[in-house]
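> got a predicted model here, sequence first, then my questions.
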Amino acid sequence: MINEKTIYLGTIVKTHGVKGEVILNSELNLPNYFEDTELIFAEINGGLVPFFIENEGVRVRSSRSAILRICDIDSEMKAKLLISKNIFIQENATQIPIKLPVNELIGYKVIDKNKGYIGLLADLNTSRLNPLLIVENGNTEIYIPLQNEFIDGINDKEKTILINTPEGLIDLNS
């Protein structure tokens, strides 16, 4: 779901090497957009799927081209899945709600705006094309897609993550 809170950066045009790097081509002046960006979104099946950029994982080749190293994309085969995908960032990319390392958030209470207390953040699964928050409530694990539109805020003082998930998402998981 593309909305007014995202900026279209460009398109992944090919892989770079055999370790999973990709080349992004753009009509924008890329150095202006990657200064503090840690998260990009790839348009996959009509939705925006978040991907974390590895630490120092952007090498700007020119004002219109960059090489990206994306977390968990560690082979040419995985990188090929991103070829021809449109790439977006948040309009205000410096205010990304979840940053690596997520270990600092483990144990935070996850509270849904409509459902109330969901459970405790147990882990973050980034090994899939669709990263997930893994929330434990007793013996039940609840999987919540890690998408910025679902996260309303993080309160470090109260150790809470406030989410606002679509109707039925949490019911399907529990």
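It's in.
> any idea which element the residue positioned nearest the centre of the chain lies in?
Centroid check for the chain by Cα atoms, centre = their mean gives Pro50 as the closest residue, at 2.7 Å. Assigned by DSSP states H and E, Pro50 belongs to strand 47-62.
> buried stuff in that strand?
Leu48, Val49, Pro50, Phe51, Phe52, Ile53, Glu54, Gly57, Val58 (16 or more other Cβ atoms under 10 Å). Quick note: C-beta positions are derived from backbone N, CA and C, even for glycine.
> for it, output the C-alpha coordinates as PDB.
What follows is strand 47-62, C-alpha atoms only, in PDB (Å, rounded to 0.1, in the frame of the first residue of the first chain):
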ATOM      1  CA  GLY A  47       2.200  -3.800  -0.800                       C
ATOM      2  CA  LEU A  48       5.300  -2.300   0.700                       C
ATOM      3  CA  VAL A  49       7.600  -4.800   2.400                       C
ATOM      4  CA  PRO A  50      10.200  -3.300   4.800                       C
ATOM      5  CA  PHE A  51      13.900  -4.200   4.600                       C
ATOM      6  CA  PHE A  52      16.700  -2.900   6.900                       C
ATOM      7  CA  ILE A  53      19.800  -1.600   5.200                       C
ATOM      8  CA  GLU A  54      23.000  -3.100   6.800                       C
ATOM      9  CA  ASN A  55      25.200  -0.700   8.800                       C
ATOM     10  CA  GLU A  56      27.200   1.300   6.100                       C
ATOM     11  CA  GLY A  57      25.300  -0.700   3.500                       C
ATOM     12  CA  VAL A  58      24.900   2.100   1.000                       C
ATOM     13  CA  ARG A  59      27.600   3.000  -1.500                       C
ATOM     14  CA  VAL A  60      26.500   5.900  -3.700                       C
ATOM     15  CA  ARG A  61      27.900   5.400  -7.200                       C
ATOM     16  CA  SER A  62      26.600   8.600  -8.700                       C
END
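> C-terminal to the host helix or strand of Val110, what's the next element?
Val110 is part of strand 109-112, with elements assigned from DSSP H and E. For strand 109-112, the following helix or strand on the C-terminal side (DSSP H and E) is strand 116-125.
> now do that following strand: distance to the chain's middle.
A distance of 17 Å separates the centroid of the chain from that of strand 116-125, by Cα atoms, centre = their mean, to the nearest Å.
> so which elements touch the strand holding Val110?
Applying 3 or more Cβ pairs under 8 Å, 6 or more residues apart in numbering; DSSP states H and E, we find strand 109-112 packed against strand 116-125, strand 160-163.
> figure out which of those strands is closest to Gly10.
Closest to Gly10 of those is strand 116-125 (Cβ to Cβ; 26.9 Å).
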